[in-house]
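Q: The sequence and its predicted three-dimensional model are supplied below.
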Amino acid sequence: MVSPPTDVTEALDALRGGDDAAQDRLLRAVYDELHGLARSQRRRERPDHTLNTTALVHEAYLKLLGPAHRTYDNRAHFFAAAARAMRQVLVDYARARQRAKRGGPDTPVPLDALPGDPPDPDVLTDARAAEILDLDGALARLARLDARQAQVVECRYFGGLSVEETAEALGLSEATVKREWRSARAWLYAALRHPPEEPPEAAP
Amino acid sequence: MTEGPAYPLPDDPARWRAVKALFEEALARPPGARAAFLDDACRAADGTPDAALRSAVEALLDADTEADDFLDDTPTTLASLLGALAATAPPGADPGSTVAAGSRIGPYRVVRPLGSGGMGEVFLAERADGLFERRVAVKRVRAGLEHAALASRFEAERRILAALQHPGIARLLDAGADADGRPWLAMDYVEGAPITAYARTHGLGLDARLALFEAVCEAVHHAHQRLVVHRDLKPSNVLVTTDEQGKPRPVLLDFGIARLLDDEGEALTETGLRPMTRAYAAPEQLRGEAATTATDVYALGVLLYELLTGRRPFEAPTPAQLEAAILSEEPTRPSRAAPVPDAAPAAVPPARLRGDLDTIVLRALRKEPGERYASAAALAEDVRRYRAGQPIQARPPTLGYRLRLLVRRHPAGVAAGAAALAVLVAFAALLAVQQRATARERDAAETAAAFLADLFATVDPFSSERRDTLRVRDLLDWGLSRVNAEFAEEPRVRARLLLTIGEAFIHLGMHPKAEAPVEEATALWRAAGDPTALARSLAALAEVRLSQLRYEEAEALAREALAVAPPTLDAGVRTLAEGRLARALLGQSRFEEAEAFLQETLARVRARHGPDHPAAIATERSLALVYVDEGRLDEAEALLLDVRARYARLYGPDDPRLLDALGPLTFLYLTAGRTDEAAAVGAEAVALARAARPGSSTLSQVLAAHAAALRRQGRLDEAEATYREALALPPLRPEAHAVPLGGLASVLAARGDLAGAVEAQRQAVALLEAASAPSLPFSQVKLAGFLRDLGRFAEAERLLLDAAAAVREAGGSDHPGTNPVPAALAALYEAWGRPAEAARWRARMDR
């Protein structure tokens, strides 16, 4: 189900007023749209086809906001929200993957068991799922040190946004985005190579 | 397995900032120089080497080297994951939701999802055991995190919250953890609309809205008395439902939940979504400080604001700007909030908010928690009093409060100079004193006013690197509105303040803004019969008229000022009036009269005060202007150079009063064709005006003069930029921009851009035409010249024939010195290949 443009626009307007509940509405709409797009892209079944997150985000943007609502402000907010949605999508998937592996009774309705095609085993290895979850966790820790910096990573990595788009989405200068990205990358790299407490339970 | 942190990651934001800054600085250096840099830079506050800091920075540098293509791999991998996900989860499925209708959470059976947020999901549910029929809202934290440790905490909090028994608060009924260890909460399920939406859709009037709000305050107060703070009050948490009698009743949701979740919030908010709604957050929340009952009072203020105006006190395009506004800006008072488009019928008319309701809302929205209402009950009480027509207890914000805000908003400008603070304090003192009305204090006020005006004239208000005169203008504008509102019944106080503000505007080079207050002050002092004050007002009004080129009026006003002035009048004020009289005479080309008057004045001032008295110097400067106008350039130059040197000695080289000498000097050199000297002096004047009179008409004038010098030096790019800067500033008179526009046209023409030149010159002509300025024909001739060069002969002809007719109608001669039109027509017809007509017009010139 695709939300009509007005819903997204309204959510963006409310978001500008600081209404974080609108963030959820927006997130939801973008999330749904990204699903739909990713699905239709796969259906084209072009063997050499590689899906590109940036293209996805842009396409979702064009689709969700009617031409009248594609203002500068909307675009910026939309991109930030899209990056968050992408993160959510991937983390949810990785989690479902792990639950499926554990397969215990504590997973009442695993995503994998929902009607539909089985997941393509080549797409996401368990190790890859663990990596995504680790990164998500490390990013949450970074957010505690510097929330804005974590948002930069979210936009660049999960949203596939360029430096320019990230700057626009977060209201920062491009120089700041580059600077924050570099130290965040080093921090995340170090944090993932040298976790602060016990090694992750998924480690072999 | 490692014991403890193997890697010294910074563990708090401040530490991380420090590490990051050093990391960036080290990266900026060549790798070989980094060790030495870190040796030097990694130190604790007391200067001793900080080994932990150093190893953190080094580890980060190492990681940066190793990280290589880390995180660069995303787009294709992530996208293919998306594709996989799309294949498995039906679109529209709640992200991460693992709950279907009929499944159980604790003792509840899920009926349907109600919504989901960044932290959790909310379900409509009912008792699975059928013990009660009541439906409840169950809120559960999102899947995927380990929350077992939180469960007992939830249970403890539940007991506290269970103590909240109030019809206006949705109760927390139950709490627990499911098999995953995920905490959940069960609350009253309230069917209703957010309070703002309810008021809108039901078209509630002012009193009905206030009644609802009062009830909200009472519910909040009930919780506060039991030491429970909400921390996230906003319309979606205040639902309005109707009771059995059909009466609206507000019910607060999520009481205490914010705190419950927030203490461990970081653990719960897996994707960093904090349970805070910025638009309703108090400044202390944004600063990360503890929330108190005052925090809820603030949010109630925002709620009331929105209920009354349909807007929030702060609105901004980005979250960062919103936070900045909440932290440091004063909200627009509700009565002045911009109307909401399309919502007109449902909004409360702004006029009804003016006064007490403004005061109530602003009191609740104070930045400092201690300055807000002491409790939600106190806020409710003032709302009740307002509704009952009784006087409210909150007072409008004091001047001191407004000034503190102003200072907070401009820390750089204010910190830059004690002078700035002095201006603010003087103004504050002045207003405060004026409000008490004993004779002695009024005298003190007079002194303060003079002091203030003097400060504006001499010390630049926000000195040093960031001279923020514009903010001072805001202060004056605000002062003006205050005077208009508050001193209607006290003509003497009113007159004094109007005059002070008007003089300050004049000193800042903002003459158009001075006109109204000075005119009114003059009328008031005329009626009040105070000769000293009247003389000052008349002198100020004369200056305003001079700026408008209304010379006869200026002369009459200056003469009257000198006539009514008592012998005790301050020498400075007298000198101002004398200088203005001289300029008024000059404007009417009465050179001898002006010179005689000034020579006489100079002799008297020197005799009484000595040759180096400021009044003597100012008079010499006026005399120099006479010489410039008379074409006695050598004498004028000598005098102006002398005036400049003496001002610099008296006030220092950066004093804005030097502009009085530099401006005419630039003009003089331009007139004399000494272009290099004009450019040098012009540059000096621009630097001074830019620093001391930013944003002013004075700066615009000085820029235009400098640009003219640059243009004549052939520095066309610089000239163009300078003209454009002059044009971006407010003109002294509506037509004053004709000068830089004409100059810009010349620059463009010199570059061969005749079309651009026509455009600029046309604007200049339009300005001069609207003002009926005497220089209009000259501007028209220039425009015609550009048109001619473009080959647009007919257009040029029409323009020039109209101009010729206008000059004739005004009784002007055809002499080329005063009327350039015939010569221009002759040149036009020549270029057009119509020699007979050219000859005819040439003949008229010779007559």
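A: Perfect, thanks for sending it. Numbers count the residues shown, from 1 in each chain, chains lettered A, B, ... in the order given.
Q: Could you tell me how far stretch B:208-222 lies from the centre of the chain?
A: 35 Å (C-alpha atoms, centre = their mean, to the nearest Å).
Q: And for stretch B:827-842?
A: Taking mean C-alpha positions (C-alpha atoms, centre = their mean), stretch B:827-842 and its chain are 57 Å apart.
Q: Same question for that stretch: list its buried residues.
A: Neighbour counts over stretch B:827-842 (16 or more other C-beta atoms under 10 Å in any protein chain shown) mark B:A827, B:L828, B:Y829, B:E830, B:W832, B:A838, B:W841, B:R842 as buried. For every residue, glycine as well, the C-beta is placed using N, CA and C.
Q: Ignoring the adjacent residues along the chain, who's closest to the last one?
A: If I follow you right, that is B:R842. Distance criterion C-beta to C-beta, 6 or more residues apart in numbering or on different chains; nearest residue to B:R842, sequence neighbours excluded, is B:A826 at 4.5 Å.
Q: Tell me the pLDDT of B:A495.
A: B:A495 is assigned a predicted lDDT (pLDDT) of 81.
Q: Three-state assignment for it, please.
A: Using DSSP: H, G, I helix; E, B strand; the rest coil, the structure places B:A495 in helix.
Q: Now do the same for the closest residue to it other than its chain neighbours: its pLDDT.
A: Nearest non-adjacent residue to B:A495, counting by C-beta to C-beta, 6+ apart: B:L524, 3.6 Å away. At B:L524, the model reports a pLDDT of 91.
Q: neighbours of B:L524, just the number please.
A: The local packing of B:L524 (other C-beta atoms under 10 Å in any protein chain shown) involves 21 other residues.
Q: what helix or strand does it sit in?
A: Per DSSP states H and E: B:L524 is located in helix B:511-528.
Q: what's the answer for B:L114, then?
A: B:L114 belongs to strand B:108-116 when elements are defined using DSSP H and E.
Q: count of neighbours near the residue of the stretch 601-750 of chain B found nearest chain A?
A: At 23.6 Å from chain A, B:A728 is the closest residue in the stretch 601-750 of chain B, using C-beta to the nearest C-beta. With neighbours defined by other C-beta under 10 Å, the count for B:A728 comes to 12.
Q: other SSEs contacting the helix holding B:L524?
A: helix B:469-486, helix B:491-507, helix B:531-547 (3 or more C-beta pairs under 8 Å, 6 or more residues apart in numbering or on different chains; DSSP states H and E).
Q: Now for the nearest residue to B:L729 once chain neighbours are set aside: which residues touch it?
A: Leaving aside its sequence neighbours, B:L729 sits nearest to B:S700 (C-beta to C-beta, 6+ apart; 3.8 Å). Neighbour list for B:S700: B:A726, B:L727, B:L729, B:P730, B:P731, B:L732, B:A736, B:H737, B:P740 [criterion: C-beta atoms under 8 Å, 6 or more residues apart in numbering or on different chains].
Q: pLDDT wise, what is the closest residue to the first one other than its chain neighbours at?
A: So the one you mean is B:A726. Of all residues not flanking B:A726 in the chain, B:L703 sits nearest, at 3.8 Å (C-beta to C-beta, 6+ apart). pLDDT for B:L703: 95.
Q: surely B:L703 meets B:L688?
A: No: using C-beta atoms under 8 Å, B:L703 makes no contact with B:L688, being 11.8 Å away.
Q: helix/strand/coil for B:N819?
A: At B:N819, secondary structure determined by three-state DSSP is coil.
Q: quick one: it and chain A, what's the gap?
A: As judged by C-beta to the nearest C-beta, to the nearest Å, B:N819 and chain A stand 53 Å apart.
Q: burial count for A:S173?
A: When neighbours are counted by other C-beta under 10 Å, A:S173 comes out with 10.
Q: where's it relative to chain B, distance?
A: Taken as C-beta to the nearest C-beta, the span from A:S173 to chain B is 12 Å.
Q: give me every residue that touches that residue.
A: With C-beta under 8 Å, 6+ apart, A:S173 has these contacts: A:A167.
Q: and if you look at B:A794?
A: Listed by C-beta under 8 Å, 6+ apart, B:A794 has no contact partners.
Q: Look up the pLDDT of it for me, please.
A: Per the predicted model, pLDDT is 92 at B:A794.
Q: And what about it, helix, strand or coil?
A: Going by three-state DSSP: B:A794 is helix.
Q: For the residue of the stretch 351-500 of chain B found nearest chain A, which non-adjacent residue is spatially closest?
A: Ranked by C-beta to the nearest C-beta, the top residue of the stretch 351-500 of chain B for proximity to chain A is B:L365, at 14.6 Å. Spatial nearest neighbour of B:L365, chain neighbours left out: B:G301 (4.2 Å); criterion: C-beta to C-beta, 6+ apart.
Q: Helices along the stretch 1-150 of chain B, start to end?
A: B:13-27, B:31-41, B:51-67, B:74-88, B:148-162 (DSSP state H, counting those that start in this stretch).
Q: tally of neighbours for residue 169?
A: All of this is about chain A. 25.
Q: oops, chain B please
A: Neighbour count for B:I169, taken as other C-beta under 10 Å: 24.
Q: What backbone torsions are found at it?
A: When read as degrees, to the nearest 10, the backbone of B:I169 gives phi -130, psi 130.
Q: which residues sit in contact with it?
A: B:A219, B:H222, B:A223, B:V251, B:L252, B:F255.
Q: Bridged to it, which residues?
A: B:L252 (DSSP bridges).
Q: and it, how far is that from B:R384?
A: 20 Å (C-beta to C-beta, to the nearest Å).
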